[in-house]
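Asker: what shape does this take:
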Amino acid sequence: MFFNGQSRRKKKEGSLPLQSGSASLTQSQQGARMRSLPILLTKPEILLIGGGKVALHKARILLKNDVPFTLIAPQICAELLNLDISIQKKKLRCRDLDHAGIIVDATGNPDVTKLIMERKKQYNFLFNCVDRPDLCDFYFSSLLNYGNLKIAVSTNGCSPSIGQIVRDKIATIIPNNIHLLLEDQKLQRKQGNINIPRSKEQCNKLFSTVYLIGCGPGDVDMLTMKAYRTIQQMDIILYDHLVTQEILDLIPPRARRIPVGKQKGAHSFRQEQINELILELAKSGAKIARLKSGDPYIFGRGAEEAEYLIKRGIRVEVISGISSAIAGPSCAGIPPTARGYATNMSIVSAHSAGNRINTDWLPLLKIPNHTTIVLMGLSFATRIAQMALATGVNKATPVAIVTNASRPEQQTLITDIEHLPQTAEQALRPAIIVIGDVVNLHQILGNMTVS
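Answerer: Residues are numbered from 1 along each chain as shown. Presented below is the predicted three-dimensional model:
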């Protein structure tokens, strides 16, 4: 409801005061329940009475919302004097009340309040008396202002502090750029272009957030607290086939689950289909999580999904996970770097688009004191060994295959480059391959518990 604050007239017999609070209710009615109606005032004439800290607080609220007002007080604090506002430094008189549609008493002075209440018997104006909700026609709300979007939270004067907390909670879900959408909608409306379905879709997209969540190598205890808390708040969750049941059990029952796993030789979804599916779901304004094994940005296609969604106006947040490239060797008692064994390390993928082998990293195997961790390489184990030997890599270079890292069925197989093909035939998936002298530390550290 909109109220024009310029309305100004003497009361007529039988007329009702235009108000949003309860000052005109009988005592019995007030005791029964509080009747109020949130309204948005346009073109208000406001008189603010008071020159202390309370008046300063009200003045700042009015200034923040670009509402013109006049302040009257015989004594005015320095902070108010520094504001760019209309000030009349004087004692309040009856005639000062004759031209305001809204009056705010921030003095705490009962004589001032009495004067105003006497004047209300003759004139219609909205009155707010600080710390006297029983006298108020309206209450100041806790406000959020996003251009043409204004959100007011009121507790009917019961507890402004609670209203502020609720306001701040609401602020966490409001997109910062929603004012741009409203400006565009205002322009479209002026031009006669009203498309309600399109407007709803655009707004829902602003509210929707897609979370790309790294779930680590599998052990539920290796999930980060941020990942856990985010999963609990989701409406829709899409997950890969490598995400363990223990992690899936954390999904709240109300959330919709969608499996989008891409197993070798049995892809249920192409990456393009997953991107399109997430986008369509995001148009509803839902909170969506995409659960990925390991870390979304370490050979997890997370960058592709994030880029696709951001270019289409969807907010994306990436929550890092522990990659199997790091956790796998550690769980097997193989530190990727260790003094005397390896001073640097590389993480590579043996898999290229189109199910082709990637061999660009093979020269790394000839670098002294270097550890190479190979993801998605088990299927190419024979060709990796053949090509490595062909380029002069020492056939005795230590190799470890770590399968199901961090899970109860974890297995570690120790071999070398020459015998990698035969050992790979015994290994289960998912698996990583660790190549380098640090593999020898497995004999010493392999029985340790790593978490």
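Asker: show me the domain layout of the protein.
Answerer: Under the assignment automatic domain parsing, the domains of the chain span 2-140, 208-322, 325-445.
Asker: mean pLDDT for those domains: which is lowest?
Answerer: Least confident of these, judged by mean pLDDT, is domain 2-140 with a mean of 78.
Asker: what's the spacing between that domain and its chain's center?
Answerer: Going by CA atoms, centre = their mean, to the nearest Å, the spacing between the C-alpha centre of domain 2-140 and its chain's C-alpha centre is 38 Å.
Asker: turn the domains of the chain into a markdown table, including distance to Lys150.
Answerer: In short, each C-beta sits where N, CA and C put it, glycine included. Formatted as a markdown table, those follow (distance: least, CB to CB, whole Å):
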| stretch | distance to Lys150 |
| --- | --- |
| domain 2-140 | 7 |
| domain 208-322 | 20 |
| domain 325-445 | 48 |
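Asker: report the contact partners of Thr209.
Answerer: Under the criterion of CB atoms under 8 Å, 6 or more residues apart in numbering, the contact list for Thr209 reads 287-288, 314-317.
Asker: can you do 6 Å?
Answerer: Taking CB atoms under 6 Å, 6 or more residues apart in numbering, we find Thr209 in contact with 287, 315.
Asker: and the gap between it and Ile298?
Answerer: The spacing between Thr209 and Ile298, counted by CB to CB, to the nearest Å, is 22 Å.
Asker: hmm, back to that, and the domains of the chain: which comes nearest Asn193?
Answerer: Proximity to Asn193, assessed across those by CB to CB, is greatest for domain 208-322 (18.9 Å).
Asker: and the end-to-end length of that closest one?
Answerer: One end of domain 208-322 to the other measures 26 Å (CA to CA, to the nearest Å).
Asker: check stretch 392-412 too.
Answerer: Stretch 392-412 end-to-end distance (CA to CA) = 26 Å.
Asker: need the contact partners of that stretch.
Answerer: Under CB under 6 Å, 6+ apart, the answer for stretch 392-412 is 217-219, 222, 324, 327-328, 331-332, 334, 365-366, 389, 413-418, 420, 427-428, 431-435, 439-440.
Asker: can you pull the buried residues of it?
Answerer: Using 16 or more other CB atoms under 10 Å as the burial criterion, the residues of stretch 392-412 that qualify are 393, 397-406, 410, 412.
Asker: do stretch 240-254 as well
Answerer: Residues 240, 242-244, 247-248, 251 are the ones in stretch 240-254 that count as buried (16+ other CB under 10 Å).
Asker: got the end-to-end distance for stretch 421-441?
Answerer: 22 Å.
Asker: now do that stretch: distance to the chain's middle.
Answerer: Taking the mean C-alpha point of stretch 421-441 and that of its whole chain, the gap between them comes to 40 Å (CA atoms, centre = their mean).
Asker: now do stretch 202-219
Answerer: When distances are taken as CA atoms, centre = their mean, stretch 202-219 is centred 9 Å away from the chain's centroid.
Asker: tell me where the stretch 151-300 of the chain has helices.
Answerer: 160-171, 178-190, 196-207, 225-232, 245-248, 271-282 (DSSP state H, counting those that start in this stretch).
Asker: so which of the ones you listed is the most surrounded?
Answerer: Ranked by mean neighbour count, those are led by helix 271-282 with a mean of 17 (mean count of other CB atoms under 10 Å).
Asker: what comes up buried for stretch 336-347?
Answerer: 336, 338, 341-342, 345-347.
Asker: oops, could you answer that again for stretch 360-374 instead?
Answerer: If you call a residue buried by 16+ other CB under 10 Å, then stretch 360-374 has these buried ones: 361-362, 364-365, 369-374.
Asker: measure that stretch end to end?
Answerer: 12 Å.
Asker: what sits up against it?
Answerer: 325, 336, 342-348, 350, 387-388, 391, 393, 433-436, 438.
Asker: same thing with stretch 320-328?
Answerer: Looking at what lies outside stretch 320-328 - CB under 6 Å, 6+ apart - the contacts are 214-217, 222, 294-295, 298, 347, 373, 402, 405-406, 432.
Asker: let's see it at 8 Å
Answerer: For stretch 320-328, the surrounding residues in contact (CB under 8 Å, 6+ apart) are 213-217, 222-224, 227, 292-298, 336, 347, 373, 375, 402, 405-406, 430, 432, 434.
Asker: any chance of a PyMOL selection covering the buried ones in these?
Answerer: Provided next is the PyMOL selection string for whichever of those are buried by 16+ other CB under 10 Å:
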select buried, resi 213+214+215+216+217+222+223+224+227+292+293+294+295+296+297+298+336+347+373+375+402+405+406+430+432+434
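Asker: so which of the contacts of stretch 320-328 are in strands?
Answerer: Applying DSSP state E to the contacts of stretch 320-328, the entries found in strands are 213-214, 292, 347, 373, 375, 402, 432, 434.
Asker: any figure for the gap between Ser375 and Phe299?
Answerer: Quick fix: residue 375 is Leu, not Ser. The spacing between Leu375 and Phe299, counted by CB to CB, is 5 Å.
Asker: can you list residues touching both of those two?
Answerer: Going by CB under 8 Å, 6+ apart, residues that sit against Leu375 and also against Phe299 are 347, 349.
Asker: related to what we said a few turns ago, for Ile173, find the nearest of the domains of the chain.
Answerer: Nearest of these (CB to CB): domain 208-322, 9.2 Å.
Asker: on that earlier part again, just the contacts of stretch 392-412: which are in strands?
Answerer: 413-416, 431-435.
Asker: of those residues, closest to His99?
Answerer: Ile432 (79.1 Å).
Asker: contacts only, for the closest one.
Answerer: Under the criterion of CB under 8 Å, 6+ apart, the contact list for Ile432 reads 324-325, 328-329, 373-375, 377, 401-402, 405.
Asker: enumerate every residue touching the closest residue to Ile357 other than its chain neighbours.
Answerer: The spatially closest residue to Ile357, leaving aside those adjacent along the chain, is Phe380, at 4.7 Å (CB to CB, 6 or more residues apart in numbering). Contacts of Phe380 were listed using CB under 8 Å, 6+ apart, and they are 350-351, 357.
Asker: any of the contacts of stretch 392-412 buried? List them.
Answerer: So, by 16+ other CB under 10 Å, the buried ones in those are 217-219, 222, 324, 327-328, 331-332, 334, 365, 389, 413-418, 420, 427, 431-435, 439.
Asker: average pLDDT for stretch 154-161?
Answerer: The average pLDDT within stretch 154-161 is 83.
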